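Everything below, folded, please.
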Amino acid sequence: MEPKSRVRGSALAAAAGFSGPTAAWMVRPDVGMVLTCVEVGVALTVLLTALYGSRKYSNRAFRLLRWAFARAEPSARSPEGRDRRR
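The predicted structure follows:
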């Protein structure tokens, strides 16, 4: 189970990520649209890099996704793809 502070930090980061464009959209709709498009573009870039990028960038994108969703790193594996504990 994750520590509460890490989960709370992720929730606060998500709320901050949504509140900025929402506030901008209410004040100036054109600025809100630009911020929303930028956020969607960044999310799509990370996702497409994880799926279709080179091995180096794909690994980094998957690590970024795990970090963004507060998931633990997978256990280290040997070069043959087997777990070291076996």
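
in whichever strand or helix holds A61, what counts as buried?
In the assignment (DSSP states H and E), A61 maps to helix 55-68. By 16 or more other C-beta atoms under 10 Å, the buried positions in helix 55-68 come out as 61-62. C-betas here are computed from N, CA, C, even on glycine.

just stretch 40-54 next, same as before
Buried-residue list, stretch 40-54, by 16+ other C-beta under 10 Å: 46, 49-50, 53.

Only C-alpha atoms, please: export that stretch in CSV.
Provided in CSV are the C-alpha atoms of stretch 40-54 (Å, rounded to 0.1, in the frame of the first residue of the first chain):
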residue,chain,number,x,y,z
VAL,A,40,-3.6,16.7,-24.5
GLY,A,41,-0.6,17.1,-26.8
VAL,A,42,1.8,16.3,-24.0
ALA,A,43,-0.2,13.3,-22.9
LEU,A,44,-0.4,11.9,-26.5
THR,A,45,3.3,12.5,-27.0
VAL,A,46,4.2,10.5,-23.9
LEU,A,47,1.7,7.7,-24.8
LEU,A,48,2.8,7.4,-28.4
THR,A,49,6.5,7.5,-27.4
ALA,A,50,5.8,4.7,-24.9
LEU,A,51,4.1,2.6,-27.6
TYR,A,52,6.1,3.4,-30.8
GLY,A,53,9.4,5.0,-29.8
SER,A,54,12.8,3.5,-29.7
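
Need the residues that contact that stretch.
Residues outside stretch 40-54 that contact it (C-beta atoms under 8 Å, 6 or more residues apart in numbering) are 57-58, 60-62, 64-65.

so who does the nearest residue to M33 once chain neighbours are set aside touch?
The shortest distance from M33 to any non-neighbouring residue, by C-beta to C-beta, 6 or more residues apart in numbering, is to W25 (7.2 Å). Under the criterion of C-beta under 8 Å, 6+ apart, the contact list for W25 reads 31-33, 35-36.
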